[in-house]
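>>> predicted model and sequence follow; I will ask about them next.
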Amino acid sequence: MNLPVILIIAAAFLAFALLVILLGGPSVGKAKTRRLAMVKDRHAASTEAVVAAQMRKTIQSVGQGGTSLTSLMPRREEMEKRLRRTGKGWTLTQYMFASMALFVVVTGGMLAVRAPIMMAGMIGLLLSLGLPYFIVGRAIKKRVAQFTTRFPDAIDLLVRGLRSGLPVTETFQIVSQELPGPVGEEFKGVIERIRIGNTMEAALQETAIMLGTPEFQFFCITIQIQRETGGNLAETLSNLSDVLRKRAQMKLKIRAMSSEAKASAYIVGALPFFVFGVVWSMNPDYLAGFFYEQRLIITGLGGLVWMGMGVGIMAKMISFEI
C-alpha cells in the first residue's frame with residue numbers, strides 16, 4: 001500500500017517539473033532579440049550608449065528567473081530579496097524545486113517506515129516549508145556576520161584613503177579590491193550602481209536595505225550628513241569605526257552572559273519532540289491516537305501552541321538590543 005503512494009507522489013512531482021520546464025522556458029524570439037542587443041551594446045561608441053547598455057543589463061539580470069512556477073509563490077519579491085542577501089546566487093526556481101524534492105523524500109521515507117499518511121504529509125510539509133527557509137536564514141545571518149566583522153576594517157581603509165587625498169568613490173573602489181568576502185562584494189555593487197548613474201546616497205541606501213544591518217545604516221547616515229553639512233569626513237568615519245568595534249565587543253559579552261539561558265531554552269524546547277520520537281519508535285500504537293482521535297489532536301495542537309508561547313517568551317528574555 002505504501003509503495004503505490006510513493007510512486008504516485010513521485011510521478012506527480014516529475015510531471016509538474018516537466019510541465020514547468022516545457023512551459024516556463026525562455027522564448028526563442030526573446031533570446032534572439034537579447035543576443036542582438038548584446039552585440040549592439042558591445043560595439044556602442046558613445047558614453048550615453050554605454051550607460052544605457054549597462055542599465056539594460058542590470059534590469060535584465062534583476063528580471064531573470066521568473067517562471068510560471070515562481071509566480072505561484074506568495075510574497076515573491078520578499079523571498080527573492082532574501083535569496084539575494086545570501087550571496088550564493090540561488091534562484092527562486094531552485095528554492096521551490098528543493099522544497100518540493102524535500103517534501104517527496106521526507107513523505108516517501110515516512111510512508112516507507114509505515115507511518116500514518118496524515119503524519120507523513122504533515123511532517124513532509126513542515127520540513128519542506130521550514131527547512132529551506134531556515135537554511136536561507138542561516139546563510140543570510142552568516143554573511144551579515146562576516147560583513148559586520150570586517151566592516152570596521154573597511155572604514156579604516158576608507159579613512160586612510162581620504163587622509164591621503166583620494167575622493168570617496170576612489171576609496172570605495174580600493175575597499176572593493178582589497179577586502180575579500182561580503183564587504184568587497186557590497187562595495188563593488190555600490191561602485192557599479194554609481195557608474196550607471198545613481199547618486200552615492202541612493203547606491204549606499206540600496207545596499208543598506210539589502211543588508212539590513214544598523215552598522216551600515218550608520219555609515220550611510222554619516223556620509224549623507226557630511227555631504228550636506230560638510231566637515232572632516234575622515235575624522236567622522238574614524239570615530240564611527242571605534243563605535244562599531246565597541247558595539248561588537250558588547251554583543252560578544254551579551255552572548256557569553258546569555259549562553260546558559262539559551263542552552264536551557266534549546267533543551268526544554270527539544271525535549272518533548274525527542275521523547276515523542278523515542279516513544280513512537282518503541283510503541284507506535286501508543287501514540288497513534290494523536291493522528292485520528294479528535295480529542296487527542298486538539299490536545300496535541302494545544303500543547304504545541306503553549307510550548308511555542310513558552311519558547312517565544314524565553315527568546316524575548318535572552319534577546320537584548322544594543
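Received the coordinates, thanks.

>>> how near is Met96 to Phe103?
Noted for Met96: a distance of 11 Å to Phe103, by CB to CB, to the nearest Å. The C-beta positions use only the backbone N, C-alpha and C, and glycine is treated the same way.

>>> try Glu192
When Glu192 is compared with Phe103 (using CB to CB), they lie 38 Å apart.

>>> the more surrounded of these two?
Remark: of Glu192 and Phe103, Phe103 carries more neighbours, 20 against 14, as counted by other CB atoms under 10 Å.

>>> list the contacts for the more buried one?
Gly124, Leu125, Leu127, Ser128 (CB atoms under 8 Å, 6 or more residues apart in numbering).

>>> show me where the stretch 201-322 of the chain has strands.
Listed in chain order, the stretch 201-322 of the chain contains no strands at all (DSSP state E, counting those that start in this stretch).

>>> any low-confidence regions in it?
Low-confidence segments of the stretch 201-322 of the chain (pLDDT under 70): 319-322.

>>> now the stretch 1-150 of the chain
When residues are selected by pLDDT under 70, those of the stretch 1-150 of the chain lie in 1-74.

>>> apply 50 and report the result again.
Low-confidence regions of the stretch 1-150 of the chain, defined by pLDDT under 50, span residues 1-2, 4, 7, 11, 15, 18-28, 30, 44-49, 52, 59-67.

>>> what about the helices in it?
If DSSP state H, counting those that start in this stretch is used as the criterion, the helices of the stretch 1-150 of the chain fall at 2-23, 28-42, 47-63, 76-86, 92-112, 117-163.

>>> and if you look at the stretch 201-322 of the chain?
With DSSP H, counting those that start in this stretch applied, the stretch 201-322 of the chain shows helices at 214-229, 233-257, 259-282, 284-287, 294-317, listed in chain order.

>>> those: which one's closest to Met79?
Comparing the helices of the stretch 201-322 of the chain against Met79 with CB to CB, the closest turns out to be helix 214-229 (22.0 Å).

>>> pull out the buried residues from the closest one.
Residues of helix 214-229 classed as buried: Glu215, Phe216, Gln217, Phe218, Phe219, Cys220, Thr222, Ile223, Gln226 (neighbour count, 16 or more other CB atoms under 10 Å).

>>> export only the CA atoms of it, formatted as PDB.
Presented in PDB, the C-alpha positions along helix 214-229 are these (Å, rounded to 0.1, in the frame of the first residue of the first chain):
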ATOM      1  CA  PRO A 214      22.400  49.000  11.600                       C
ATOM      2  CA  GLU A 215      26.100  49.300  11.200                       C
ATOM      3  CA  PHE A 216      25.900  50.000   7.500                       C
ATOM      4  CA  GLN A 217      22.900  52.300   8.100                       C
ATOM      5  CA  PHE A 218      25.100  54.300  10.500                       C
ATOM      6  CA  PHE A 219      27.700  54.600   7.700                       C
ATOM      7  CA  CYS A 220      25.100  55.800   5.200                       C
ATOM      8  CA  ILE A 221      23.800  58.400   7.600                       C
ATOM      9  CA  THR A 222      27.300  59.600   8.300                       C
ATOM     10  CA  ILE A 223      28.100  60.000   4.600                       C
ATOM     11  CA  GLN A 224      24.800  61.800   3.900                       C
ATOM     12  CA  ILE A 225      25.200  64.300   6.800                       C
ATOM     13  CA  GLN A 226      28.800  65.100   5.800                       C
ATOM     14  CA  ARG A 227      27.800  65.700   2.200                       C
ATOM     15  CA  GLU A 228      25.100  68.100   3.300                       C
ATOM     16  CA  THR A 229      26.800  69.900   6.200                       C
END
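
>>> and the gap between Arg193 and Leu271?
Looking at Arg193 against Leu271, where the rule is CB to CB, the gap reads 49 Å.

>>> ok, the two, which is more surrounded?
The residue with the greater number of neighbours, taking Arg193 and Leu271 and applying other CB under 10 Å, is Arg193; the counts read 18 against 11.

>>> with adjacent residues omitted, what lies nearest to Pro116?
In space, not counting the residues next to it along the chain, Pro116 is nearest to Phe291; the distance is 4.9 Å by CB to CB, 6 or more residues apart in numbering.

>>> look up how far Ser128 lies from that neighbour.
For Phe291, the distance to Ser128 (CB to CB) stands at 19 Å.

>>> do the same with Gln249
Applying CB to CB, the value for Gln249 to Ser128 is 40 Å.

>>> Leu83 too?
The gap separating Leu83 from Ser128 is 17 Å, by CB to CB.

>>> give me the nearest residue to the residue most central in space within the chain, chain neighbours excluded.
The geometric centre of the chain, computed from its C-alpha atoms, lies nearest to Arg82 (CA atoms, centre = their mean), at 3.4 Å. Setting aside the residues directly before and after it, Arg82 is nearest to Val136 in space (CB to CB, 6+ apart), at 5.6 Å.
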